[in-house]
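Asks: sequence first, predicted model second:
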Amino acid sequence: MASVVRMGEEYSTITAPLLWHQQDWAQKLPDTIERGAEHLLSLQLNGGYWQGELEADSTLESDYIYYLFVLGKADPVRIAKLANYVRSKQLADGGWNIYPGGPSELNATCKAFFALKLAGDDPNSPQMAAARDTVHRLGGLEHTNSYVRFYLALVGAVGWELVPAIPPELMLLPNWFFINIYEMSSWTRGIVIPMAILSALRPDWRLPEHARVDELFKNPARKAAAFDWSDQVVSWQNFFLALDRALKVYEKLPWKPLRQRALREAKKWMLDHLERSEGLAAIYPAMMNSIFALVALGHGPDDPVTWREMKEFSRFEIEEAETIRLQPCVSPIWDTCIAMVALQEAGVPPDHPALVKSAEWILSRQILGAGDWQVKNKDAEPGGWAFEFRNDHYPDVDDTAFILMALQRVNYPDRNRMEGAIRRGIQWLLSMQNRDGGWAAFDRDNDRRFICNIPFADHNAMIDPSTADVTARVLECLGRFGWPAEHSAVQRAIKFLVKDQCNDGSWFGRWGVNYIYGTSGVLRSLETVSLTAQDYCKRAVAWLRSVQKPDGSFGESLRSYDVESSKGQGNSTPSQTAWGLIGLLAAADPGDPSISKAAEYLVQQQNEDGSWDESEFTGTGFPCVFYLKYHLYRNSFPVYALARLQNQYRQTEQFCAFQFRPEEFRLRRGF
C-alpha cells in the first residue's frame, strides 16, 4: 500500500522527544498498519460497503423460537438449530447472561427457559431444573421486565393483569401534551405502538398447555410484585402506577369511545413507517412486534405486507451447520464509515478505488425524505444518514457525523455532488443540536426524564437525551470542517461536555463500552478545536492513565453500567485499547509512556493476517439491558489508532476535500 502526502489539516507539532520510535515494536509499526489496512480492504463487499456481524445475547434466539411458534412457522429443523444455540449459552449455574463473562440475568433466563420448553426440552431435565432454580434465585418471573410478561400474556402463559397497560389511545395525545409518542425515544415508538395494538386486540394465540411457565414464579401469591407502590408516596413512579390501575379498569369497560379511532391511528402510523424502511425502525423488537400486530389486525402471514416484513426479519438469521443465531439489526453504514476513516488514516490514497466506491455507496444512502425527527425540528431540511441499509424515518446524528468525516477525505470525481451532500449533512447536524448544547442519537430535545417511570419503560431507554459520545462525534466533525472553538454552536457543545464530565475526569459512553469510549471520543473532539490544554482534558488524560493496565492495554466490562466503581476495569480488548490510545494521542504529551505502551500492545496482539481477536462485547444498545458486539470494531479502531500515532510522529498532513466557513450555515432556530 503506497503512502501519500495528504493536504489540509495539519496535526499538532511534536514538542517532546519520542524515544518509542527506537524500540523494537515501533520498527514493526508501519508493517502492522499496512497489514491491518490490507485486511480491512479485503473485507469490503462488492457493493462498496463493509458489514460485520452485529452480535447480541441469547434473548434474540429465544424470542425467535416463540415468534415462529406464534406464526405457525415452527419448522422442526429451524427450531432445533435455534434451541441448540440457546443451549450453548447456558451458564454453569443454569442461567443465561446478557454479555460474555456477565452473571446470569433474570429476563434472559426466563426467555430461554420458555423457548426451550416450546422446543420440547423436558422441564424436569437437570439443565431446565437448574434454569428454574436460577430464575427463583434472581427474583422469579414476577420481577421480570414488562416485555417478558407481555409476550407471555400474548400466548396465554400469564394473565394480562401482569402486564402494564399500553392503550392505543396514546396515539391521540397531541404533540404539545406532556406525554405523547414523540416524547418517547424513536426505538421505543417502534416497539410500543405495535404493542398498543396487540394490547387492545389481545389475539387468542394460545400455545400448548405444556408451554405454561407457572413454575417460574418464586412466590405465586405475589405475581403482581412489579406493580408494588414506591416507598416515596409522592413520586412519578406512584403516579404512573396509579394511572396504570385506572387504565386497566378502563380496559374492562364495555364501551371505549375512542378505541377504534386510536387503533386506526396506530395502524396508519405503523403502515406509514413500514414504507421506506427494511422493517419497522429496522430493529429486531419493533419488527417482530409489527409482524404480530399485522397478524392481529387480520393481515395473515401470507398477506403481502406481512410476508414482506417477515422476509426482512428473516435476514437477521445467521445459519451454520447446527445452529441459527440472530442479529438485532444490521450496521452497514456505521461499519463502512469507520472502516473508511481507518483506511484514510492508514495512508490509503484519497482516490483509491475502494474509497471512491464506498463514497459512491454512502452518497446513494443519504436520506432526503421526511422522518420522525421533524416533529421537533420543523424548520430543517433532511440530509442525514441511517445506521442500516434503509431506515429513512430514522437518520441518526452519530452515523451522519462519522460519515461526513469519512467523505471529507475522499477525492471523489463528482465534486459538486459530494459538496452538496456534505453541506446538507452538516446543516442537518446543526439543526439537531439540543437546548442543552449537546446532541442525541435520533431526536431533538427528547429529554422528559419523568416518563422513564412509566411501567413499560423498564428497557432503560425511554428517552433520547444528549450524550457525551454523540456530542463529541458532532464536535469532532465540525472541528474537522473548520469550526473554531469560539463558534456559538461549539461553545454550547463544550459547555454541555464540561457539565457532563464525571468527577474523576471521565465521560460516560452511551453507545460504546463505556467510560473509555466516552472519554476517548470527547478528547478527540476537543483536539479538533484546539482545547486539549484545558484542565478538564488534563483530568481526562489522568483518568485514562489510571485505568491503563501494566501491559499498556485497556479493557472495560459491561459491569461498569451497573457498578460505577468498576469503570475502566475488565478484560483487555483491541477496540478499547485503540480508544484509550486515541484519547491519549489527542491530549497527552507526545512523549507520554502510556502512548507507546498502548501502541506496543496493539502491535504485539495483531494476527499474521492483519486482524485482531476480540471476544468481549464493546457496544451498547440499552445500558444495563441490551449489549452488542460489533465484529469489525476489533480491526477498524486499532488500524486508526496506530496510524494516527504514526502520522503524528511524522507530522503527516491530511488530504481534505472540503472545509467550509461556519457562517455559510444556519443555526438552530432560537439559538
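Replies: Okay, I see it. Please read these numbers as outputs of a predicted model, since none were measured by experiment. Numbering: from 1, shown residues only.

Asks: please make it C-alpha for all contacts and neighbour counts, starting now.
Replies: Will do.

Asks: can you give me the strands for the stretch 551-671 of the chain?
Replies: Assigned strands in the stretch 551-671 of the chain, in chain order: 619-622, 626-630 (criterion: DSSP state E, counting those that start in this stretch).

Asks: CSV for the ones you listed, including mean pLDDT and distance to residue 438?
Replies: Written out in CSV, the entries for these read as follows (pLDDT from 0 to 100; distance: least, Cα to Cα, whole Å):
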stretch, mean pLDDT, distance to residue 438
strand 619-622, 96, 19
strand 626-630, 97, 24
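
Asks: could you dump these to CSV with distance to residue 649?
Replies: Conversion of those to CSV gives the following (distance: least, Cα to Cα, whole Å):
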stretch, distance to residue 649
strand 619-622, 30
strand 626-630, 30
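
Asks: who does the nearest residue to residue 433 once chain neighbours are set aside bridge with?
Replies: By the measure of Cα to Cα, 6 or more residues apart in numbering, the closest residue to residue 433 outside its immediate chain neighbours is residue 439, 5.1 Å from it. For residue 439, the beta-bridge assignment (DSSP bridges) gives partners residue 467.

Asks: gap between residue 439 and residue 283?
Replies: Using Cα to Cα, to the nearest Å, we find residue 439 at a distance of 22 Å from residue 283.

Asks: out of the strands of the stretch 551-671 of the chain, which one sits most buried?
Replies: Highest mean neighbour count of those: strand 626-630, a mean of 21 (counted as mean count of other Cα atoms under 10 Å).

Asks: name the helices or strands packed onto that strand?
Replies: Applying 3 or more Cα pairs under 8 Å, 6 or more residues apart in numbering; DSSP states H and E, we find strand 626-630 packed against strand 54-55, strand 619-622.

Asks: parallel or antiparallel, which strands does it pair with?
Replies: Strand 626-630 has the following sheet partners, assigned by DSSP bridges: strand 54-55 (antiparallel), strand 619-622 (antiparallel).

Asks: which residues does it contact?
Replies: Surrounding strand 626-630, the residues in contact under the criterion Cα atoms under 8 Å, 6 or more residues apart in numbering are 52-57, 98-99, 616-621.

Asks: ok, 6 Å please
Replies: Under the contact criterion Cα atoms under 6 Å, 6 or more residues apart in numbering, strand 626-630 has outside partners 54, 55, 56, 617, 618, 619, 620, 621.

Asks: out of those, who's nearest residue 383?
Replies: Of all the contacts of strand 626-630, residue 383 sits closest to residue 621, with 24.3 Å by Cα to Cα.

Asks: what about the closest residue to that closest one other than its chain neighbours, distance to residue 59?
Replies: Using Cα to Cα, 6+ apart and skipping the chain neighbours, the partner closest in space to residue 621 is residue 627 (5.0 Å). According to Cα to Cα, residue 627 stands 11 Å off from residue 59.

Asks: same thing with residue 68?
Replies: 14 Å.

Asks: more crowded one of these two?
Replies: residue 59 (22 against 14; other Cα atoms under 10 Å).

Asks: for that one, which non-adjacent residue is closest in space?
Replies: Closest residue in space to residue 59, ignoring its immediate chain neighbours: residue 108 at 5.5 Å, by Cα to Cα, 6+ apart.

Asks: what is the end-to-end distance of stretch 381-396?
Replies: The distance separating the two terminal residues of stretch 381-396, taken as Cα to Cα, comes to 14 Å.

Asks: report the distance from that stretch to the chain centre.
Replies: The chain centroid and the centroid of stretch 381-396 are separated by 15 Å, computed with Cα atoms, centre = their mean, to the nearest Å.

Asks: wait, residue 557 touches residue 570, no?
Replies: Yes. Look at residue 557 against residue 570 with Cα atoms under 6 Å: they come within range, at 4.5 Å.

Asks: run a quick neighbour tally on the residue nearest to residue 433.
Replies: Every residue meeting other Cα under 10 Å relative to residue 439 is counted, giving 32.

Asks: again with residue 584
Replies: Neighbours of residue 584 using other Cα under 10 Å come to 26.

Asks: equivalent analysis for the one 5 residues further on, please.
Replies: One way to gauge burial is a neighbour count; for residue 589, by other Cα under 10 Å, it gives 16.

Asks: can you pull the contacts of it?
Replies: Contact analysis of residue 589 by Cα under 6 Å, 6+ apart lists nothing.

Asks: tell me the pLDDT at it?
Replies: In this model, residue 589 is scored at 91, pLDDT.

Asks: could you do residue 26 as well?
Replies: Among the per-residue scores, residue 26 holds a pLDDT of 86.

Asks: that one and residue 210: what is the separation?
Replies: Distance check for residue 26 against residue 210: by Cα to Cα, it reads 63 Å.

Asks: the more surrounded of these two?
Replies: Legend: neighbour count by other Cα under 10 Å for residue 26 and residue 210, higher for residue 26 (18 against 12).

Asks: mind checking the backbone torsions on that one?
Replies: Torsion angles at residue 26 (phi, psi; degrees, to the nearest 10) stand at phi -70, psi -30.

Asks: contact partners for the nearest residue to residue 222 once chain neighbours are set aside?
Replies: In space, and not counting its chain neighbours, residue 222 is closest to residue 142: 7.3 Å by Cα to Cα, 6+ apart. Each residue near residue 142 by Cα under 6 Å, 6+ apart is listed here: 217, 223, 225.

Asks: drop anything exposed from these.
Replies: Taking 16 or more other Cα atoms under 10 Å as the criterion, what is buried in the contacts of residue 142 is 217, 223, 225.

Asks: TSV for these, including distance to residue 372?
Replies: Listed next are the buried ones among the contacts of residue 142 as TSV, based on distance: Cα to Cα, whole Å:
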residue	distance to residue 372
217	40
223	38
225	36
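
Asks: any chance of those residues in a markdown table, with pLDDT, distance to residue 36 and secondary structure too?
Replies: Conversion of the buried ones among the contacts of residue 142 to a markdown table gives the following (pLDDT from 0 to 100; distance: Cα to Cα, whole Å; DSSP: H, G, I helix; E, B strand; the rest coil):
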| residue | pLDDT | distance to residue 36 | secondary structure |
| --- | --- | --- | --- |
| 217 | 95 | 51 | coil |
| 223 | 91 | 54 | coil |
| 225 | 89 | 53 | helix |
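
Asks: pLDDT wise, what is the residue lying closest to residue 530 once chain neighbours are set aside at?
Replies: Closest residue to residue 530 in three dimensions, ignoring its sequence neighbours and counting by Cα to Cα, 6+ apart: residue 485, at 7.3 Å. Turning to residue 485, the model gives it a pLDDT of 95.

Asks: which strand or helix spans residue 485?
Replies: Per DSSP states H and E: residue 485 is located in neither a helix nor a strand.

Asks: pLDDT wise, what is the residue nearest to residue 374 when sequence neighbours are not counted at?
Replies: When the adjacent residues along the chain are set aside, residue 374 lies closest to residue 380, with 7.5 Å between them (Cα to Cα, 6+ apart). If you check residue 380, the pLDDT there is 94.
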